[in-house]
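Novice: Need a 3D model of the sequence below.
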Amino acid sequence: MTHTYSVTGMTCAGCQYKVEHLLSQIPHVQHAAVNLDKGEVAVEMAQHVPTPTLQSALKDYPKYQLTDTPPIASPISGDDAAPKSWFETYKPIVLIFAYVFTASIIAGSTTLGFDDVLAMRVFMAGFFLVFSFFKMLNLDGFADSYAMYDVIARRFKSWGYIYALLELALGLAYATDFSPVLTNTVTLVVMTVSIIGVLQTVLNKKVIRCACLGAVFNLPMSTVTIVEDGLMIVMSAAMLVTLL
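Specialist: Presented below is the predicted three-dimensional model:
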């Protein structure tokens, strides 16, 4: 049997993960699926679980209030109700790539010709610094979101915090040209591990929020995320080839 409850206080994928995880730990609860847009959670049970038991599971997080009462639909604007185009959905990440790409092209254009290694280094520095900035805005939210699909963070949530700091360190390393071989090797390994969880999620057609820009933007996990991680893998490998 499946019952649907109203849950207030959920604002991001981190909240979604936390509520689903906590409710799933209750005996006789087989599955819990949150619908963030509707502020609801559908709980599949092997046998009936009283509402107070479900509420008790969320007692350590008072901002989440579970009730039997369906949520009162709030008026939404026409813009929110209308389906978004590809560009509208991915506008934040497209603009970031455009800015970083332009800066790297300018940096690589020298009087002696185009320095592709310098351009790639500037691009990767900008990529990691900007992406780590958005993760730092809500580090807890990012760690919760990342734990929903990353192969390491699923087992060790603390990896989400380490990953955000690692992105910042890599951004600074590329910006200062610190130990290029070490920097590109670490990038190659970290991004290769990171793309595994992304591939599993996309290939299994799971509808999940991408944590690439932290908890600030509501970007869906898709092939765009694969391209983003894959680009870093290809560029770090290419730079290693030129260095070795």
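
Novice: I figured G171 hits R121, correct?
Specialist: No - the pair G171 / R121 is not scored as a contact, 11.0 Å apart, by CB atoms under 8 Å. All C-beta atoms are positioned from the backbone trio N, CA, C, and that covers glycine.

Novice: When these two are compared, which one has more neighbours?
Specialist: Ranked by neighbour count (other CB atoms under 10 Å), G171 and R121 place R121 first, with 24 against 20.

Novice: The more buried one: what's its closest spatial neighbour, skipping adjacent residues?
Specialist: Y174 (5.3 Å; CB to CB, 6 or more residues apart in numbering).

Novice: likewise D150?
Specialist: Nearest non-adjacent residue to D150 (CB to CB, 6+ apart): G197, at 4.3 Å.

Novice: what number of residues lie near the one you found?
Specialist: G197: 21 neighbours (other CB under 10 Å).

Novice: Y61 and V186, how far apart?
Specialist: Distance check for Y61 against V186: by CB to CB, to the nearest Å, it reads 35 Å.

Novice: Just want to know which of these two has more residues nearby.
Specialist: Between Y61 and V186, V186 has the larger neighbour count (other CB under 10 Å), namely 16 against 13.

Novice: buried sites along the helix or strand hosting the more buried one?
Specialist: Assigned by DSSP states H and E, V186 falls within helix 180-203. By neighbour count on 16 or more other CB atoms under 10 Å, the buried set for helix 180-203 is 180, 183-188, 190-191, 194-195, 197-199, 201-202.

Novice: What's the mean pLDDT across whatever helix or strand comes next after that helix?
Specialist: Per DSSP H and E, the first helix or strand lying C-terminal to helix 180-203 is helix 223-243. Per-residue pLDDT over helix 223-243 has a mean of 87.

Novice: Now do helix 223-243: which elements does it pack against?
Specialist: Identification of packing neighbours for helix 223-243 by 3 or more CB pairs under 8 Å, 6 or more residues apart in numbering; DSSP states H and E yields helix 86-108, helix 116-137, helix 180-203.

Novice: now the ones you listed in TSV, with mean pLDDT?
Specialist: As requested, the helices and strands packed on helix 223-243 are exported to TSV (pLDDT from 0 to 100):
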stretch	mean pLDDT
helix 86-108	87
helix 116-137	91
helix 180-203	89
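
Novice: okay if I get those as CSV plus distance to V224?
Specialist: Shown next, in CSV, are the helices and strands packed on helix 223-243 (distance: least, CB to CB, whole Å):
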stretch, distance to V224
helix 86-108, 6
helix 116-137, 13
helix 180-203, 10
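
Novice: Quickly find the element holding the residue nearest to L23 when sequence neighbours are not counted.
Specialist: Leaving aside its sequence neighbours, L23 sits nearest to A32 (CB to CB, 6+ apart; 3.9 Å). Assigned by DSSP H and E, A32 belongs to strand 29-35.

Novice: Residues contacting that strand, please?
Specialist: By CB atoms under 8 Å, 6 or more residues apart in numbering, the residues outside strand 29-35 that reach it are 7, 10, 15-16, 19-20, 23-24, 40-46, 49.

Novice: which of these count as buried?
Specialist: With neighbours counted by 16+ other CB under 10 Å, these contain buried members at V7, M10, C15, Q16, V19, E20, L23, E40, V41, V43, M45, V49.

Novice: Could you check the pLDDT of the residue lying closest to the last one once chain neighbours are set aside?
Specialist: What it means is V49. Leaving aside its sequence neighbours, V49 sits nearest to H28 (CB to CB, 6+ apart; 5.4 Å). For H28, the pLDDT comes out at 86.
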